[in-house]
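Student: sequence first, predicted coordinates after that:
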Amino acid sequence: MVFGRIGIAAALLASLSATSALGAETIESALAKAYVANPDLNAQRAAVRANDETVPRALAGYRPRVTISGTAGLTDSSTVSGSSISGDRYLPRGGSLQIDQNIYTFGRTENSVAAAETGVLSAREQLRSAEQAVLLDAATAYMDVLRDTAFLDLRRANIEVLREQLRQTQDRFSVGEVTRTDVAQVEARLAAAQAESSAAEGTLKASVARYRQVIGADPRSLAPARPQDKLLPRSLEEAVKSSQAEHPAIVAANFNVRSAEFNVKAARADLYPSIGVTGTAQKQFDYQGANRELDSFSLVGRLSVPIYEGGETYARVRQLRETLTQRRLEADFARDRVRAAVVASWSQYEAARARIASAQAQVEASTIALNGVREEARVGQRTTYDVLVQDQELLSARVNLVSAQRDRVVASYNVLSAMGRLSAVRLALKVPVYDPAAHYGAVRNKFIGTGIQ
């Protein structure tokens, strides 16, 4: 009966069946919670929305700048001529409207807009990277809690086995079948098992805390999870090829290169002339005297030719060219880093699959060996120490099986993340998918107002 309970505990992960208990939390529902509520992911979404505003700021270079100004004052003057004094007091006041419009900037505005738009695309890819990181952390936290729960159940079940064995050994000692040494060996093993159970309980508490940090809720009745084999490619070569085209880190790095190129072009445009026009309308009352009014209107073309600005513009162009070189090198590094991550995660996945078969064989062999040693101990062919050693072997085998099952599930998610395919859409999570283009569409051409609506 006690060994049956150990088997049930190990089956928490070993079965990995598709059927979950009624009302149990599944890994898909946990990932959905993390996708919606994780603060790191929501912070990245806010960063993308903030980055969207760089486009309307750049587009402002196409639009006019309108300024209204007003003046009001008091003028009191007096004139002394001989013995006579004359004076005048009036209230000069008025207002003016000025409109400045760029006509042609030799590519400065166009390239600034292009750089901003490319930066928005890069920010979206960075959001995809953040989504992948959060979902991988959530899957890992889910499986860690499941694994550590199974570990604790195995430890507790082992304590019950040792307590029963201690009772039987004490009974045999009382009738002279074994010595006091045999009893002490079981007592020592029981004390060690209790210490291991306490350590397993502490590890589980830490995993639960991590689960709540990532997913945003305490774990309750977690159901077994299955590896995402159906979403994985058939070979490592296919995984590497897909990652080079799809991984958000690579795509974002490529966008950063393009954005840096546009920034260089925009900065170089500051070395060329700019053409614009300025329109001014003015209305003044009591202008230079009482009861005098002034109405004026002007429309002036403007040609601005930079001659020398102390070298600042040239330094900025050189700086941005070096930044472009940096972005290109970062893109190369991103490709190499992603390739290495895919190879490593794929190797871990295959190793986990192999470990499962070995761990299952180890459990079966250890179970048979333990039953045999117990039978031999009853007829005096084995010692109590032999039974304790084999009991520990079986426990270690079950722990290895649980660990291998956990590692296989996590490794499958890790491969998806390394390829750039770990997302709410691909996992078919039942959540409203966040669309960064919605906010961008709302603010791109918004030229007035501090709110989105």
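Tutor: Now that the structure is in, tell me what you want to look at.

Student: what secondary structure does R155 sit in?
Tutor: Assigned with DSSP: H, G, I helix; E, B strand; the rest coil, R155 falls in the helix class.

Student: meant to ask about I99
Tutor: strand.

Student: bridging across strands, which residues link to it?
Tutor: V66, G279 (DSSP bridges).

Student: which element is the nearest residue to R258 once chain neighbours are set aside on?
Tutor: Nearest residue to R258 in three dimensions, chain neighbours excluded: T118, at 4.7 Å (C-beta to C-beta, 6 or more residues apart in numbering). From N, CA and C alone the C-beta is placed, and that goes for glycine too. Assigned by DSSP states H and E, T118 falls within helix 108-174.

Student: do K283 as well
Tutor: Short version, using DSSP H and E: K283 is in strand 274-285.

Student: mind listing what's buried in that strand?
Tutor: S274, G276, Q282, K283, Q284, F285 (16 or more other C-beta atoms under 10 Å).

Student: which of those sits closest to A377?
Tutor: Nearest to A377 out of these is S274 (C-beta to C-beta; 96.0 Å).

Student: hang on, isn't that closest one packed against Q101?
Tutor: No - in this structure, S274 is not within contact of Q101 by C-beta atoms under 8 Å, at 11.4 Å.

Student: am I right that R421 sits in a helix?
Tutor: No - under three-state DSSP, R421 falls outside any helix and is assigned coil.

Student: contact partners for V425?
Tutor: V433 (C-beta atoms under 8 Å, 6 or more residues apart in numbering).

Student: quick check, pLDDT for it.
Tutor: If you check V425, the pLDDT there is 94.

Student: before we move on, what about N445?
Tutor: Looking at N445, the pLDDT reads 88.

Student: ok, L13 next?
Tutor: Value for L13, per-residue pLDDT: 43.

Student: please enumerate residues in contact with the helix or strand where L31 lies?
Tutor: Assigned by DSSP H and E, L31 belongs to helix 27-37. Residues from elsewhere that reach helix 27-37 (C-beta under 8 Å, 6+ apart): 41, 131, 134-135, 137-139, 142-143, 211, 214-217, 219, 222-223, 225, 409, 424, 427-431.

Student: pull the helix or strand containing F262 out as CSV, backbone CA atoms only.
Tutor: In this assignment (DSSP H and E), F262 forms part of helix 248-269. Coordinates of each C-alpha in helix 248-269 appear next as CSV, following Å, rounded to 0.1, in the frame of the first residue of the first chain:
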residue,chain,number,x,y,z
PRO,A,248,12.5,38.7,-32.7
ALA,A,249,16.1,39.5,-31.6
ILE,A,250,17.4,39.1,-35.1
VAL,A,251,14.4,40.9,-36.7
ALA,A,252,14.8,43.8,-34.2
ALA,A,253,18.5,44.0,-34.8
ASN,A,254,17.9,44.3,-38.5
PHE,A,255,15.3,47.1,-37.9
ASN,A,256,17.9,48.8,-35.7
VAL,A,257,20.3,48.8,-38.6
ARG,A,258,17.8,50.4,-40.9
SER,A,259,16.9,53.0,-38.4
ALA,A,260,20.5,53.9,-37.8
GLU,A,261,20.9,54.3,-41.6
PHE,A,262,18.0,56.7,-41.7
ASN,A,263,19.4,58.6,-38.7
VAL,A,264,22.7,59.2,-40.6
LYS,A,265,20.8,60.5,-43.6
ALA,A,266,18.7,62.8,-41.5
ALA,A,267,21.8,64.2,-39.7
ARG,A,268,23.6,64.8,-43.0
ALA,A,269,20.6,66.8,-44.2
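
Student: what lies in contact with it?
Tutor: 105-108, 111-112, 114-115, 118-119, 121-122, 125-126, 128-129, 132, 243-244, 313, 316-317, 320-321, 323-324, 326-328, 330-331, 334-335, 337-338, 420.

Student: now do 6 Å
Tutor: Residues outside helix 248-269 that contact it (C-beta atoms under 6 Å, 6 or more residues apart in numbering): 106-108, 111-112, 114-115, 118-119, 121-122, 125-126, 128-129, 316-317, 320-321, 323-324, 327-328, 330-331, 334-335, 338, 420.

Student: name the residue closest to the centre of this structure, please.
Tutor: The chain has A130 as the residue nearest its centroid, 2.3 Å off, counting by C-alpha atoms, centre = their mean.

Student: chain neighbours aside, what residue packs nearest to that residue?
Tutor: Closest to A130 by C-beta to C-beta, 6+ apart is Q44, at 4.0 Å.

Student: A helix includes the one you found, no?
Tutor: Yes - applying three-state DSSP, one finds Q44 inside a helix.

Student: ok, it touching L127?
Tutor: Yes - when contacts are counted by C-beta atoms under 6 Å, Q44 is listed as touching L127 (5.2 Å).

Student: so where's this protein uncertain?
Tutor: Low-confidence segments of the chain, defined by pLDDT under 70, span residues 1-23, 81-87, 452-453.

Student: distance of R226 relative to A352?
Tutor: Counting by C-beta to C-beta, to the nearest Å, the gap from R226 to A352 is 13 Å.

Student: neighbour count for the two, which is higher?
Tutor: Set R226 next to A352 and count neighbours by other C-beta atoms under 10 Å: A352 wins out with 21 against 16.

Student: and the more buried one, what element?
Tutor: Counting by DSSP H and E, A352 is part of helix 312-378.

Student: check which helices and strands that helix sits against.
Tutor: Judged by 3 or more C-beta pairs under 6 Å, 6 or more residues apart in numbering; DSSP states H and E, helix 312-378 is in contact with helix 236-246, helix 248-269, helix 384-419.
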